[in-house]
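> mind looking at a prediction? Sequence and model below.
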Amino acid sequence: MIAAILSLTALGLILGLGLGYAAKVFAVEGNSLVSELVEMMPGTNCGQCGLAGCGAAAEAVVEGNAAATVCPGGGVALAQAIAAKLGITLSLDGVADKGPMVAEVAEEICIGCGKCMKHCATDAIVGAAKQIHGVLHEACTGCGGCMDDCPTGAIILRPLPQTLRDWNWSKPALA
Amino acid sequence: MGMLEMLNGARWGVHPHDDHKRPAADVPLRVMSLPAKLCVPLLQHVGAPAKPLVAVGDRVLRGELIASAQGNVSAPVHAPSSGIVTAIGEVTAPHPSGLPFAAITITLDGKDEAIPLIEVADPFSLEPAEVSQRIADAGIVGLGGATFPSAPKAQLGRKLAVQTLVINGGECEPYLSSDDSVMRERADDVIDGVRILMHATGAPQALVGIEDNKPEAIAAMRKAAAPFATIKICPVPARYPMGSDRQLVQVLTGKEVPSGARTASVGVLVNNVSTCAAIHRAVRLGEPLTQRIVTVNGGAVAMPGNVLVPIGTLVEDLLAFVGLKETPARLVMGGPMMGAALPHAQVPTVKGCGGILALTAAEITVEEPSPCIRCGSCVKACPMGLVPLEMAAHINAGDYDKADALALDDCLACGCCAYVCPSHIPLVQSFSHAKGEIWKRAQKKKRNEFTKGLAQARVERLEREARERAEVAAKRKAARAAQLAAEAAAAAAAIEATGSQESSI
């Protein structure tokens, strides 16, 4: 009886200490996947996903609370990259990759209030108070955040105009 | 084909049974009458587009600079004839997409007045850098179709001390004979251009590779090159794509250009024969590149042949000059293997345009693709030693990375694989599509990094502004406090003064 108690106690102590030691030595600091995912994301914290920025979105994806297609700004390419990273199968149903979009200011409606300028995460909108604003195509991520702030609805999203440089052959339908 | 070729991988390419080069190649060169207008594009070369120097309404003369080169790899553009600039804007590009690109439209006055040219009697007395500068100023680009600016290429050759100049007279594309025509009619110009290029690059020898299906050109070039021991005319077997620089270098020098590298890495610089003729005119006569020989061929053309055309001539004007027997089923700029199908005939000819084909329905029969039977014909045909069937399978499954791992980047888009495919699989389109997608992905990544940087910069700016505002506010507060204290002190002093006055009364 005493021998059993002692041996089990010793066993428990040894294993417990072993586990405790292992937990200290092999500890993982946070979840490295989250930071890797943040690295892949657009990083403009535009909020189109409905979450509080890219960090929150990455966390949600890793924890399984959001799909790999969570980021509208990243499009299909990012969804595929995330799915490959996490080793999950990707369902692209209902994800329409509209291609790159850019915001455009309708000059006849713009009152030059400057609200959109303050909202833009990438400083893509230029202009001054009471002046018509313009959007720098190369800096605009097409997140659409400025649209909600515009009191006159002067901002619309448009697909980036196709040029010779980025035109591509369609994928041939093979048998 | 010998045993050795089978072993060392030099067995490549295709040999179309009828190359359709004759009778067009045998018709003497014609000079096109001036059209009513020319649309001279600003991007006719690899690199940055030229920047317009003229305004609408300006009168320009033949040879006048109308757009200057932007950056190192770029080329200027000159007016091909005299007239008034009537538009600077977009015209349809000679590209299957039908998308527009920028061009200067000149309405010609028919007088064809030219600016005076600065001739150089002895180009070999010039410094090599000066020769390169004259080539650059004349807007010379590779006329074989790749359109890489010739001056930076020559400079690169000099920097890397290339030992051999390979002059490309392969012209392996069926239907085309513009290089053939240049060699037959202007062999002396070509050889002089080769000598000037040897001087500019410092290469001690030049090998001129000409496919053996052009005996007249070989004879003319041999005659012109006879006085120069350093220039060797080398007939090569007619096999497509012999006109590809890597293949021609391998056949002529036995050297294989490594994957992803340029021919200069094996000590060879490749230039086309038409480019050499243009270099002769540019350096010796001071004449900029404003015209070129274009093969007009195909079943729908009434009088096929080679035509000297001002650059910027609309394809419809060129077709009107040679006449059409019937409405063409397809228009192609370049050869049938690698050329670009044109959306319509209102597109301008460019520096790199060696041919315009007006093909009949019988010439373009399109077969329905059927499943790959894994016969391996495409593997045997590929001049780059790739595995087209595997790459196409990966691309079809949407896995571009796997296709890329099979050296998709090395694909020349020569079309040999699609030509031999018994299942008529559009392999080249598949590869072009995948290359485009991979490029787009890289672009998107770059853009993402750029906007991420902008977002970062904005956050930092907002923090800095907030900090500065706080500092200014604190300073103001301190100043206000100091002022208040001073006022209080002054008031106290005043009260004290009045107090003492009062007390003194």
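That came in fine, so what should we check first?

> please make it C-alpha for all contacts and neighbour counts, starting now.
Fine.

> off-centre distance for stretch B:296-306?
A distance of 25 Å separates the centroid of the chain from that of stretch B:296-306, by CA atoms, centre = their mean, to the nearest Å.

> so which bits of that stretch are buried?
Residues B:V296, B:N297, B:G298, B:G299, B:A300, B:V301, B:A302, B:M303, B:P304, B:G305, B:N306 are the ones in stretch B:296-306 that count as buried (16 or more other CA atoms under 10 Å in any protein chain shown).

> among the residues you listed, which one sits closest to B:G267?
For B:G267, the closest of the buried residues of stretch B:296-306 turns out to be B:N306, at 34.0 Å, with distances computed as CA to CA.

> let's verify the residue lying closest to that closest one once chain neighbours are set aside: helix, strand, or coil?
The spatially closest residue to B:N306, leaving aside those adjacent along the chain, is B:T295, at 4.4 Å (CA to CA, 6 or more residues apart in numbering or on different chains). At B:T295 the chain is in strand, as set by DSSP: H, G, I helix; E, B strand; the rest coil.

> okay, and the beta partners of B:T295?
For B:T295, the residues forming beta bridges with it (DSSP bridges) are B:N306, B:G355.

> can you pull the contacts of B:D58?
For B:D58, the contacting residues are B:I84, B:V85, taking CA atoms under 8 Å, 6 or more residues apart in numbering or on different chains as the criterion.

> how close does it sit to B:V77?
In this structure, B:D58 and B:V77 are separated by 16 Å, where distance is defined by CA to CA, to the nearest Å.

> domain parsing of chain A, as residue ranges.
The domain map for chain A lists A:1-28, A:32-86, A:101-159, with the assignment taken from automatic domain parsing.

> need those domains in TSV (columns: mean neighbour count).
Conversion of the domains of chain A to TSV gives the following (neighbours: other CA atoms under 10 Å in any protein chain shown):
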stretch	mean neighbour count
domain A:1-28	11
domain A:32-86	19
domain A:101-159	18
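
> export those domains as a markdown table, with columns for mean pLDDT and distance to chain B.
A markdown table is the format used below for the domains of chain A (pLDDT from 0 to 100; distance: least, CA to the nearest CA, whole Å):
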| stretch | mean pLDDT | distance to chain B |
| --- | --- | --- |
| domain A:1-28 | 91 | 28 |
| domain A:32-86 | 83 | 5 |
| domain A:101-159 | 87 | 5 |
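
> how about TSV for those, with distance to B:P49 added?
What follows is those, written out as TSV (distance: least, CA to CA, whole Å):
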stretch	distance to B:P49
domain A:1-28	53
domain A:32-86	30
domain A:101-159	18
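
> what about the residue lying closest to B:H280 once chain neighbours are set aside, how many neighbours?
Using CA to CA, 6+ apart and skipping residues adjacent in sequence, the residue nearest B:H280 is B:G193, 4.2 Å away. In terms of burial, B:G193 registers 24 neighbours under the definition other CA atoms under 10 Å in any protein chain shown.

> who are the neighbours in contact with B:G193?
Counted by CA under 8 Å, 6+ apart, B:G193 has contacts B:C276, B:A277, B:A278, B:I279, B:H280, B:R281.

> does B:G312 belong to a helix, a strand or coil?
For B:G312, the secondary-structure state derived from three-state DSSP is coil.

> ok, it - contacts?
If a contact means CA under 8 Å, 6+ apart, then B:G312 has B:L38, B:C39, B:V40, B:P41, B:P80, B:P348, B:T349, B:V350 as its contacts.

> what about it, distance to chain A?
The spacing between B:G312 and chain A, counted by CA to the nearest CA, to the nearest Å, is 18 Å.

> same deal with B:H20?
Where chain A is concerned, B:H20 sits at a distance of 28 Å (CA to the nearest CA).

> that residue against B:S177, yeah?
No. In terms of CA atoms under 8 Å, B:H20 does not count as a neighbour of B:S177; the distance is 9.7 Å.

> compare the two and say which is more crowded by neighbours.
Neighbour count, other CA under 10 Å: between B:H20 and B:S177, B:S177 has more, with 29 against 17.

> isn't the more buried one up against B:A25?
Yes. If you go by CA under 8 Å, B:S177 and B:A25 touch, sitting 5.4 Å apart.

> look up the pLDDT of whatever residue of the stretch 1-150 of chain B ends up closest to chain A for me, please.
With CA to the nearest CA, the shortest gap between the stretch 1-150 of chain B and chain A falls at B:L99, namely 6.2 Å. On pLDDT, B:L99 comes in at 95.

> what sits against it?
For B:L99, the contact set (CA under 8 Å, 6+ apart) comprises A:T163, A:L164, B:T92, B:A93.

> pretty sure the second one sits in a helix.
No. Checked against three-state DSSP, A:L164 lies outside a helix; its state is coil.

> find the nearest non-adjacent residue to it, please.
Residue nearest to A:L164 in three dimensions, not counting chain neighbours: B:L99, with 6.2 Å by CA to CA, 6+ apart.

> for chain A, what spans make up the helices?
Ranges of helices in chain A, per DSSP state H, are A:2-25, A:32-40, A:53-63, A:75-86, A:115-119, A:145-149.

> helices or strands next to the fifth one in the packing?
Applying 3 or more CA pairs under 8 Å, 6 or more residues apart in numbering or on different chains; DSSP states H and E, one finds that helix A:115-119 contacts strand A:125-126, helix A:145-149.

> again, but for the longest one
Contacts defined by 3+ CA pairs under 8 Å, 6+ apart place helix A:2-25 against no helix or strand at all.

> outside of stretch B:231-251, which residues touch it?
With contacts defined as CA under 8 Å, 6+ apart, stretch B:231-251 is touched by B:13-16, B:166, B:168-173, B:205-213, B:218, B:221-222, B:225, B:252, B:255-257, B:263, B:268, B:270, B:383, B:414, B:416.

> redo that, cut-off 6 Å
Outside of stretch B:231-251, the residues that reach it under the criterion CA atoms under 6 Å, 6 or more residues apart in numbering or on different chains are B:13-15, B:170-172, B:206-212, B:256.

> end-to-end on that stretch?
Chord length of stretch B:231-251, first to last residue, is 17 Å (CA to CA).
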